[in-house]
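Engineer: Okay, here's the prediction I keep looking at, along with the sequence it came from:
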Amino acid sequence: MTQRPFQTIDEMMAAGPNAAIEDPYSLYARARRETPVLEVAGFGSPARFLMRFEDVQSALRDWETFSSVSNGERGIAIVIGRTIIGMDGREHLRNRALVTPAVAPRALRGDFPAMVRRIADELIDRFAGKGSAELVRNFTYLFPIRVFVEPLGLPAADIERFHNWAIDLTQVANDPPRGLAASAAIREYLKPIIAAKRSEPADDIISTLVTSEVEGERLGDEHIANFLCLLIMAGAETTYHLIGSTLYALLTHGAALEEVRAHRDRIPLAVAETLRWESPVQVVTREAQADVEMSGVLIKKGTDVVIGIGSANRDESQFEDPDRFDLHREGAEHIAFGFGRHYCAGSRLALLEAEIGLGALFERLPNLRMDEGAEPGNMSGFAFRSPTSLPVVFD
């Protein structure tokens, strides 16, 4: 993927959520200094882009002023429908209570970590004897969706199809027909499965969704399909980015790589620092419900607001030498999973999955390192970031 330098943040946004952007952070650093509440063209309408950690955290915390309603009316909602990411207040809490048990507690069950490790080993078995691999294609691309498909109660044979659908969903801003076609395909595929789970529930996520009740209310078929689209896109796609970016960080930072090789119990430190250093989801959107001032700039009611999580997690006012990847960083916590009521419901699941997958790679592939004879991959993307490829060798 050919990358080119961008002169403005507007240019990067116009290029699309998965554009070939190696380094957005120098532009973010300049904006934090000069125009921390930047006026941008937005994703189709004028918007304000929040750059500083303090403003980003404040906006994520204040759900009454910075509403998620725009996420339920346009953008990704065009393809996944109305879900908890587009709801506020009591409606959000009620629906979150319905869907969260379907994902969060599974990470704590005794059989779930074993299943995740088994899937990681099955994928590694395909290339462990070759001495080299391209880990984006051979592992990070496949692993998260494999982990989701099994607990959903779906056939393993459909894994690649689901991952392609997940990627197509994220392309809706650049290629609406592609995103809409993927959404329609997922819904058509899920329709008979949801009906079957209602008639005969099993021990899987879809069965949990169709049988869960909060205040005597159950989710309808459309809501279940919407949530599953969100789960496929957000869960599988963002975890894919997280694992790939953690590998990239370690493989390009020799001291950190040596430390993790020698002490695999420090993999969680690497994952946590990657979430800050290369946040898998770089931006989220909100809509101002009242006039509000941020960093001395008036944001008028009705304005779309782009919340710069990636910029905030590199803010020098919060993190010392923020562009440095540091396994033992102390101080402020990252906000890669959001903040407040919309904090990522599947965050614990994502962390567990990433840590087990990375642990399996470092255990099974001794002396894992970049293949210096191959074309190196770069970090890439505006809204979603991860490496384009990871060519590696091992003993």
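Structural biologist: Ah, there it is.

Engineer: where do the helices sit along the stretch 151-300 of the chain?
Structural biologist: Along the stretch 151-300 of the chain, counting by DSSP state H, counting those that start in this stretch, helices occupy 159-170, 176-199, 205-211, 221-230, 238-251, 254-262, 267-277.

Engineer: ok, of the ones you listed, where does mean pLDDT dip lowest?
Structural biologist: Ranked by mean pLDDT, the helices of the stretch 151-300 of the chain bottom out at helix 159-170, with a mean of 76.

Engineer: Enumerate the positions of it that are buried.
Structural biologist: Using 16 or more other Cβ atoms under 10 Å as the test for burial, helix 159-170 gives 159, 161, 162, 163, 165, 166, 167, 168, 169, 170. No exception for glycine: its C-beta is placed from N, CA and C like everyone else's.

Engineer: one step back: quick check: which of the helices of the stretch 151-300 of the chain is nearest to residue 285?
Structural biologist: helix 159-170 (14.2 Å; Cβ to Cβ).

Engineer: Report the distance from the closest one to the chain centre.
Structural biologist: The chain centroid and the centroid of helix 159-170 are separated by 14 Å, computed with Cα atoms, centre = their mean, to the nearest Å.

Engineer: Return the residues in contact with the closest residue in space to residue 146 that isn't next to it in sequence.
Structural biologist: The spatially closest residue to residue 146, leaving aside those adjacent along the chain, is residue 119, at 4.8 Å (Cβ to Cβ, 6 or more residues apart in numbering). Applying Cβ atoms under 8 Å, 6 or more residues apart in numbering to residue 119 gives the contacts 143, 146, 147, 150.

Engineer: quick one: the first one from residue 133, how far?
Structural biologist: For residue 143, the distance to residue 133 under the criterion Cβ to Cβ, to the nearest Å works out to 13 Å.

Engineer: Settle it for me: which of these two has more neighbours?
Structural biologist: residue 143 (29 against 22; other Cβ atoms under 10 Å).

Engineer: does that one really touch residue 360, like I thought?
Structural biologist: No: counting by Cβ atoms under 8 Å, residue 143 stays clear of residue 360, with 9.2 Å between them.

Engineer: give the contact list for residue 240.
Structural biologist: So residue 240 contacts 140, 141, 143, 144, 145, 386 (Cβ under 8 Å, 6+ apart).

Engineer: contacting residues around the first one?
Structural biologist: What it means is residue 140. Residue 140 makes contact with 240, 243, 244, 247, 386, 390 under the criterion Cβ under 8 Å, 6+ apart.

Engineer: and with 6 Å instead?
Structural biologist: Neighbouring residues of residue 140 by Cβ atoms under 6 Å, 6 or more residues apart in numbering: 240, 243, 244.

Engineer: From residue 178, how far off is it?
Structural biologist: Where residue 178 is concerned, residue 140 sits at a distance of 22 Å (Cβ to Cβ).

Engineer: quick one: which of the helices of the stretch 151-300 of the chain is nearest residue 284?
Structural biologist: Between those, helix 238-251 lies closest to residue 284; by Cβ to Cβ that is 11.7 Å.

Engineer: Please write out the alpha-carbon positions of that closest one in CSV.
Structural biologist: The C-alpha coordinates for helix 238-251 follow below in CSV (Å, rounded to 0.1, in the frame of the first residue of the first chain):
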residue,chain,number,x,y,z
THR,A,238,-10.4,-3.7,16.4
THR,A,239,-8.8,-6.7,18.1
TYR,A,240,-7.2,-7.5,14.8
HIS,A,241,-5.7,-4.0,14.8
LEU,A,242,-4.6,-4.2,18.4
ILE,A,243,-2.8,-7.5,18.1
GLY,A,244,-1.1,-6.4,14.9
SER,A,245,0.0,-3.1,16.3
THR,A,246,1.4,-4.7,19.5
LEU,A,247,3.5,-7.1,17.4
TYR,A,248,4.7,-4.1,15.2
ALA,A,249,5.6,-2.2,18.4
LEU,A,250,7.6,-5.0,19.8
LEU,A,251,9.3,-6.1,16.6
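
Engineer: quick thing: my sequence starts at 651, can you match it?
Structural biologist: With 651 as the first residue, the last one maps to helix 888-901.
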